[in-house]
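Undergrad: the following comprises the amino acid sequence and a computationally predicted model.
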Amino acid sequence: MSIFGSMYLLGRYGGASSGAFSAASAAESKAGSASQKVDDLAARCDQLVMVCEAMWTILRDKLGVTDEELVTRVNDIDLSDGKLDGKVRKTAVSCPKCGRTIARRFQKCIYCGQPVVHDPFA
Ligand SMILES: [Zn+2]
């Protein structure tokens, strides 16, 4: 093989190797970032569980609400989307002006521009 052929192959495969290394490095960086986000969410979830438990025990102790009443209310909320599955599905709303269906991510009707107020717990 000529010196020019060797240089061509070195450049071609050396470039591919460098590209693969770069892609692997970027993927590793993204995985590290995603892992950090999961850890942050887990920490926030732990804080929310503690705050919910604190609020519940205050309500129970100060107002005499029972654990059974809490369970019944949680099940009622769970069933608000028609399924007792531990999840609450967010449903679309109807525009108060034109009646068309609007996804929850929109603050105004995409058809007529009417501002839409969403239930913060729905
Ligand atoms: Zn509308």
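TA: Structure received.
Undergrad: how about the strands of this structure, start to end?
TA: 93-94, 101-102 (DSSP state E).
Undergrad: save those strands as TSV, and put in mean pLDDT and mean neighbour count too.
TA: Glycine gets a C-beta too; all of them are placed from N, C-alpha and C. Below are the strands of the chain laid out as TSV (pLDDT from 0 to 100; neighbours: other Cβ atoms under 10 Å):
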stretch	mean pLDDT	mean neighbour count
strand 93-94	88	14
strand 101-102	90	16
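Undergrad: do you know how far the spatially most central residue of the chain is from E53?
TA: Residue closest to the mean C-alpha point of the chain, counted by Cα atoms, centre = their mean, is L41 at 9.7 Å. Per Cβ to Cβ, to the nearest Å, L41 is found 19 Å from E53.
Undergrad: try Y111
TA: 44 Å.
Undergrad: okay, the two: which has more neighbours?
TA: Y111 (13 against 10; other Cβ atoms under 10 Å).
Undergrad: got the contact list for the more buried one?
TA: Shown in contact with Y111 (Cβ atoms under 8 Å, 6 or more residues apart in numbering): C95, C98, R100.
Undergrad: how close does the last one get to the ion?
TA: Going back to what we said before, that points to R100. Remark: distance between R100 and the ion (Cβ to the ion, to the nearest Å) = 5 Å.
Undergrad: and V88, what does it touch?
TA: I77, D78, S80, D81.
Undergrad: quick one, phi psi at it?
TA: phi -120, psi 120 (degrees, to the nearest 10).
Undergrad: now stretch 73-80: average pLDDT?
TA: On average, the pLDDT along stretch 73-80 is 90.
Undergrad: could you point out the longest helix of the protein?
TA: Longest helix in the chain, counting residues (DSSP state H): helix 3-63.
Undergrad: so which elements touch it?
TA: helix 67-78 (3 or more Cβ pairs under 8 Å, 6 or more residues apart in numbering; DSSP states H and E).
Undergrad: any idea how far C45 lies from the ion?
TA: 36 Å.
Undergrad: relative to V49, how far out is M55?
TA: 11 Å.
Undergrad: residues near the closest residue to K83 other than its chain neighbours, how many?
TA: Once flanking residues are discounted, K83 sits nearest to R89: 7.7 Å by Cβ to Cβ, 6 or more residues apart in numbering. Neighbour count for R89, taken as other Cβ under 10 Å: 10.
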